[in-house]
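Novice: coords please:
(chains A and B)
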Amino acid sequence: MITLNHISKSYDEKKVLHNFSCTFTEGKITAVMGPSGIGKTTLFSLLLGLMKPDEGTISGLEGKKISVLFQEDRLFPFLTAKENAIVAGEGPKDYLALLGLKEEENSLPSALSGGMRRRVAMARALNYDGEIFLLDEPFKGLDPETKEQAMALFRNLTPKKTIIFITHDEKEAESLADEILILDERTALGESAS
Amino acid sequence: MTTSSTKNRKKKIIVRTLVALFWIAAWQVLCLFLDSDLLIASPFAVIRRIGELLFVGEFWLSVLNSLLRILEGYILGVVLGVFCAALGALFPPFSALLSPVIIITKTAPVTSFVILALVWIKSYNLAVFISFLMVFPLIYGGVREGIENADKKLLEVAKVYHFSVGKTLRLVYYPAIKPFLLTGLSTAIGFGWKAGITGEIFALPKYAIGTRLYESKIYLETLDVFAWTTVIILLSLFIEKMIRLAIKRIR
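Specialist: Residues are numbered from 1 along each chain as shown, chains lettered A, B, ... in the order given. Okay, the predicted model is just below:
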């Protein structure tokens, strides 16, 4: 169980999360939903350890490998699609091929479309083979067919892996997630969520 | 090479040749006008004199020694510049400590350092030191700027995926530093060369271009002053070209 306990985080005195608590069940897929600017990406950065909470604690992540898919693709511009996909580690499967990018594996990110770059970043997260997957709008820019393929790949990772993903798309959340965490002004600023 | 780029290259060469011919002609006209070997040497006399110098052993010894000294300073400046920039990025107090030194080396005239260094350093090493002093702040500044410009988002990727220090340097920092470093390397060689020769003029080591230039001035050998100055310019262009070619390969 990943637990956030009474977390508060502010930017220049603007409270984003205040006394926020929630839990993520291991081996399940949780969708985090909510309007823009409510603190979803802050929550993501806190879980990743890229920022520290002003108050509160986070437990259940200690010593665990985390695969990440950021909101932006964050690919290394001078590495090919294949090199980018395996830059953090090489997983048990050829994820680039499974995501339909076998023919583009020698292309640089600049030569790929937005959807292709997204899939390369996804392949990187899958190849790292973390115990926890943190995905920020993972299917953004993908066509319906590719999106379905990608969702199937993540679905197959459970119950061995815990997946937390941020999305704005209700259908996406309903079709993939076991649990949905709604982050709104009420939950972000103090009332309990789970 | 495409036809258009070959044409452009030819055009560039023609323009450059015409510009050079214009200035040589202007120089010659000035010589005829002044009509004094003491004040100015004609371009043809300078070419003839350089031709003579090429057959003098001391000329080559002076050129090689100057090149060696200045390149020693250049390499030292590059190595220490990169090292100190990395150290400054890792330990900000070190960077703060170094900043007055960088400001002084950037703003004080070269001759101030030369005069001071004459007291402390052997004449052979003075050009090395002065060349180093010109190169170091340029490389240090360039590398620091590159480090500060490293992509923060890619650094986060390196952090969350636990990249080793070497991998982070190779994939995030090196690409960020590269353009700044290469520009620094190319600019620094010109500065180092000029400053190094100035150092030699003051320190007068036995075999040095600066020493030959100084002696020519003392003995009022205007033709030699012009010849050695031309040699300095040609060598500077040659070294810069070599560095640029090396940089092009790295790019």
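Novice: Okay, domains of chain B per the record?
Specialist: Domain segmentation of chain B under automatic domain parsing yields B:1-35, B:41-250.
Novice: now the residue in chain B that chain A sits nearest to, nearest residue through space, not along the chain?
Specialist: Residue nearest to chain A within chain B: B:Tyr161 (3.8 Å; CB to the nearest CB). Placement of C-beta: from N, CA and C, glycine included. Closest residue in space to B:Tyr161, ignoring its immediate chain neighbours: A:Ala88 at 3.8 Å, by CB to CB, 6 or more residues apart in numbering or on different chains.
Novice: what about that neighbour, how many neighbours?
Specialist: 23 (other CB atoms under 10 Å in any protein chain shown).
Novice: Identify the residues contacting it.
Specialist: Going by CB atoms under 8 Å, 6 or more residues apart in numbering or on different chains, A:Ala88 touches A:124, A:127-128, B:157, B:161, B:163.
Novice: Going by neighbour count, list what's buried in the lowest-mean-pLDDT helix or strand in chain B.
Specialist: Every helix and strand in chain B was compared by mean pLDDT, DSSP states H and E; the lowest is helix B:110-120, with a mean of 87. Within helix B:110-120, the residues that count as buried by 16 or more other CB atoms under 10 Å in any protein chain shown are B:110, B:113-114, B:117.
Novice: ok now whatever helix or strand B:Gly190 lives in, how far from the chain's centre?
Specialist: Secondary structure assignment for B:Gly190, by DSSP states H and E: helix B:174-203. Distance of helix B:174-203 from its chain centroid, counting by CA atoms, centre = their mean, to the nearest Å, is 4 Å.
Novice: Following the chain past that helix, name the next helix or strand.
Specialist: Following helix B:174-203 in sequence, per DSSP H and E, is helix B:209-218.
Novice: Would you mind checking the average pLDDT for that following helix?
Specialist: For helix B:209-218, mean pLDDT is 93.
Novice: Quick one: name whatever helix or strand follows it.
Specialist: Where DSSP H and E defines the elements, the next helix or strand beyond helix B:209-218 is helix B:222-250.
Novice: buried set for that following helix?
Specialist: For helix B:222-250, burial by neighbour count (16+ other CB under 10 Å) applies to B:222-232, B:235-236, B:239, B:243.
Novice: average pLDDT across that helix?
Specialist: 91.
Novice: wait, does that helix make contact with chain A?
Specialist: No - Helix B:222-250 is not in contact with chain A by CB under 8 Å from any CB of the partner chain; minimum separation 13.2 Å.
Novice: Just the angle for that helix relative to helix B:174-203, thanks.
Specialist: For helix B:222-250 against helix B:174-203, the angle by axes from the mean of the first three to the mean of the last three CA atoms, to 10 degrees is 170 degrees.
Novice: who touches A:Glu104 in this structure?
Specialist: A:Glu104 neighbours (CB under 8 Å, 6+ apart): A:81, A:111-112, A:116.
Novice: Of those, which count as buried by neighbour count?
Specialist: Neighbour counting with 16+ other CB under 10 Å marks A:81, A:112, A:116 as buried within the contacts of A:Glu104.
Novice: Run through those residues and flag the ones next to chain B.
Specialist: Answer for these near chain B: none qualify (CB under 8 Å from any CB).
Novice: Now intersect those with the helices, please.
Specialist: Cross-referencing the buried ones among the contacts of A:Glu104 against helices under DSSP state H gives A:81, A:116.
Novice: Kindly reformat the buried ones among the contacts of A:Glu104 as JSON lines containing pLDDT and distance to B:Lys194.
Specialist: Below are the buried ones among the contacts of A:Glu104 laid out as JSON lines (pLDDT from 0 to 100; distance: CB to CB, whole Å):
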{"residue": "A:Ala81", "pLDDT": "96", "distance to B:Lys194": "47"}
{"residue": "A:Leu112", "pLDDT": "95", "distance to B:Lys194": "47"}
{"residue": "A:Met116", "pLDDT": "95", "distance to B:Lys194": "51"}
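Novice: Distance check, B:Leu64 against B:Ala89.
Specialist: 37 Å (CB to CB, to the nearest Å).
Novice: In terms of neighbours, single out the busier of the two.
Specialist: Relative neighbour count places B:Ala89 above the other of B:Leu64 and B:Ala89, with 17 against 12, counting by other CB under 10 Å.
Novice: I'd assumed B:Phe83 was in contact with that one.
Specialist: No - using CB atoms under 8 Å, B:Ala89 is not in contact with B:Phe83; the gap is 11.0 Å.
Novice: backbone phi and psi for the residue of chain A at minimum distance from chain B, please?
Specialist: Using CB to the nearest CB, A:Ala88 is the residue of chain A that sits closest to chain B, at 3.8 Å. Phi and psi for A:Ala88, reported as degrees, to the nearest 10, are phi -100, psi -10.
Novice: For the strand or helix carrying B:Leu138, give the mean pLDDT please.
Specialist: For B:Leu138, the host element (DSSP H and E) is helix B:123-148. Helix B:123-148 carries an average pLDDT of 92.
Novice: Any buried residues in it, and which?
Specialist: Of the residues in helix B:123-148, B:123, B:125-147 count as buried by neighbour count, 16+ other CB under 10 Å.
Novice: who's in contact with the least confident helix or strand of chain B?
Specialist: Here helix B:110-120 makes contact (CB under 8 Å, 6+ apart) with B:105, B:126, B:129-130, B:133-134, B:195, B:198-199, B:202-203.
Novice: Alright, I will stop here.
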